[in-house]
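Colleague: What follows is a predicted protein model with its sequence.
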Amino acid sequence: MTTLFYSHPACEAHDTGPLHPENPGRLKAIMKKLDSPEFAPLIRREAPYAEHQQIARVHPESFVQALLAAVPASGERMIDADTVLSPGSGEAALRAAGAVVSAVDAVMAGEADNAFCAVRPPGHHAEPAQAMGFCLFNNVAVGALQARAVHGCKRIAVVDFDVHHGNGTQAMFWDDPDLLYASTHQAPFYPGTGASDEQGVDGNIVNVPLPAGAGSAAFREAMRGVVIPALNDFQPDFLMISAGFDAHAEDPLAGLNLVEEDYAWATQQLMEVARSACGGRLVSVLEGGYDHQALARSVAAHVRTLMRF
């Protein structure tokens with residue numbers, strides 16, 4: 001398999017403060033882990049800027065303009081209790097979304113089999129007109145709509161294994177039966193959405209909440225018993241992953257007990273669906289993960305599987 005790897009130094013310039021869990025050290029740990037001979041075959045590319053019109057497919061243009069205008073010239077500006085803007089946040093957010101757009105374009109053009117976007121800020125909590133939960137623009141949704149608008153993909157699926165439910169992606173996909181959102185996540189937990197009876201239109205929303213303390217067996221059963229069958233029924237033209245690694249047992253913000261091998265296994269399962277349904281076309285996008293070493297190991301397991309399976 002050939003795998004593209006997108007990132008950009010600007011994503012480390014989104015400064016959330018030294019005590020914020022979603023900080024630049026996350027990307028630094030990932031980059032250090034992937035700077036080894038094992039990962040030399042990765043095709044590495046710098047994330048470009050997303051165009052406003054690409055983001056405006058999922059966020060109103062007025063929201064895009066207002067968010068970028070709110071970026072401070074110095075210091076910090078709080079959007080909510082968890083979500084911070086700093087002078088580097090505007091470029092970071094545009095390049096995070098731009099990475100996913102570029103990855104979709106490249107995979108659709110046959111330049112690689114799949115791609116991983118190591119970007120921040122994350123995106124899956126960002127609702128159409130509300131940045132929240134560490135997220136500014138909904139990167140994976142921007143990528144999904146790029147696949148539709150530019151490449152003619154009708155049916156696009158996003159699988160989200162972040163420990164937090166992706167309320168923003170769910171909200172954006174809710175009324176569109178040609179967009180599937182499937183999520184495993186801890187519940188009850190932030191942001192309070194993601195019940196199993198939240199099903200969208202024609203069952204295009206598939207939520208599998210897991211209780212605190214659930215571990216590998218429960219996660220794998222959720223994937224094997226619910227998420228993978230839903231994907232097989234949906235038969236996507238393009239598959240995307242909201243790849244959050246904060247369900248890891250060492251993560252400080254959550255209470256699930258996954259390990260690196262679970263992420264490798266889940267990645268392989270999703271690649272099998274992509275191979276059978278859409279010629280292997282898959283783009284994965286970093287979401288959460290707040291213990292830096294566990295995050296780096298988990299990303300390595302994920303990317304290693306993308307490269308080798």
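Modeller: Yep, it's here.
Colleague: only C-alpha atoms for contact and neighbour calcs from this point on.
Modeller: Will do.
Colleague: Point out where the stretch 51-200 of the chain drops to low pLDDT.
Modeller: The stretch 51-200 of the chain contains no residues with pLDDT under 70.
Colleague: Now do the strands in it.
Modeller: Listed in chain order, the strands of the stretch 51-200 of the chain (DSSP state E, counting those that start in this stretch) span 77-78, 84-85, 114-117, 156-160, 179-186.
Colleague: How far does stretch 283-292 stretch from one end to the other?
Modeller: 22 Å (C-alpha to C-alpha, to the nearest Å).
Colleague: Past the host helix or strand of T267, which element shows up next along the chain?
Modeller: Element membership of T267 [criterion: DSSP states H and E] is helix 260-278. Per DSSP H and E, the first helix or strand lying C-terminal to helix 260-278 is strand 282-286.
Colleague: So which of the strands of the stretch 51-200 of the chain is nearest G133?
Modeller: Of all those, it is strand 84-85 that lies closest to G133, at 9.5 Å by C-alpha to C-alpha.
Colleague: Which strands and helices lie in contact with that closest one?
Modeller: With contacts taken as 3 or more C-alpha pairs under 8 Å, 6 or more residues apart in numbering; DSSP states H and E, strand 84-85 sits against strand 77-78.
Colleague: residues making contact with the strand it packs on?
Modeller: Strand 77-78 is contacted by residues A70, V71, V84, L85, S86 when judged by C-alpha atoms under 8 Å, 6 or more residues apart in numbering.
Colleague: how far does that strand sit from the chain's center?
Modeller: 23 Å (C-alpha atoms, centre = their mean, to the nearest Å).
Colleague: List the strands paired with that strand, with their directions.
Modeller: Here strand 77-78 has these sheet partners by DSSP bridges: strand 84-85 (antiparallel).
Colleague: Run through who's touching the strand it pairs with.
Modeller: Contacts for strand 84-85 (C-alpha under 8 Å, 6+ apart): H14, D15, T16, A70, V71, P72, E76, R77, M78, I79, F134.
Colleague: Separate out the buried members of these.
Modeller: Among the contacts of strand 84-85, the ones that count as buried by 16 or more other C-alpha atoms under 10 Å are H14, D15, T16, A70, V71, E76, R77, I79, F134.
Colleague: ok, these vs E91, which is closest?
Modeller: H14 (8.2 Å).
Colleague: Ramachandran angles for the residue minimising distance to the centre of the chain?
Modeller: By C-alpha atoms, centre = their mean, the chain has its centre lying nearest to S242, at 2.8 Å. Phi and psi for S242, reported as degrees, to the nearest 10, are phi -90, psi 100.
Colleague: Over to E221?
Modeller: phi -70, psi -40.
Colleague: Next, count neighbours for it.
Modeller: 12 (other C-alpha atoms under 10 Å).
Colleague: Ok, L42 next?
Modeller: Counted with other C-alpha under 10 Å, residues neighbouring L42 total 20.
Colleague: which residues sit in contact with it?
Modeller: By C-alpha under 8 Å, 6+ apart, the contact set of L42 is T2, T3, L4, F5, M307.
Colleague: Retrieve the pLDDT associated with it.
Modeller: You'll see L42 listed with a pLDDT of 98.
Colleague: Would you list the phi and psi of L295?
Modeller: Torsion angles, degrees, to the nearest 10, at L295: phi -60, psi -50.
Colleague: Surely it touches R26?
Modeller: Yes: with contact defined as C-alpha atoms under 8 Å, L295 counts as touching R26 (7.4 Å).
Colleague: Which residues are in contact with each of those two?
Modeller: G289.
Colleague: quick one, which of these two is more surrounded?
Modeller: L295 (26 against 22).
Colleague: Reduced to three states, what does the closest residue to the more buried one other than its chain neighbours come out as?
Modeller: Spatially, and ignoring its direct neighbours in sequence, L295 is nearest to G289 (5.4 Å; C-alpha to C-alpha, 6 or more residues apart in numbering). Using DSSP: H, G, I helix; E, B strand; the rest coil, the secondary structure recorded for G289 is coil.
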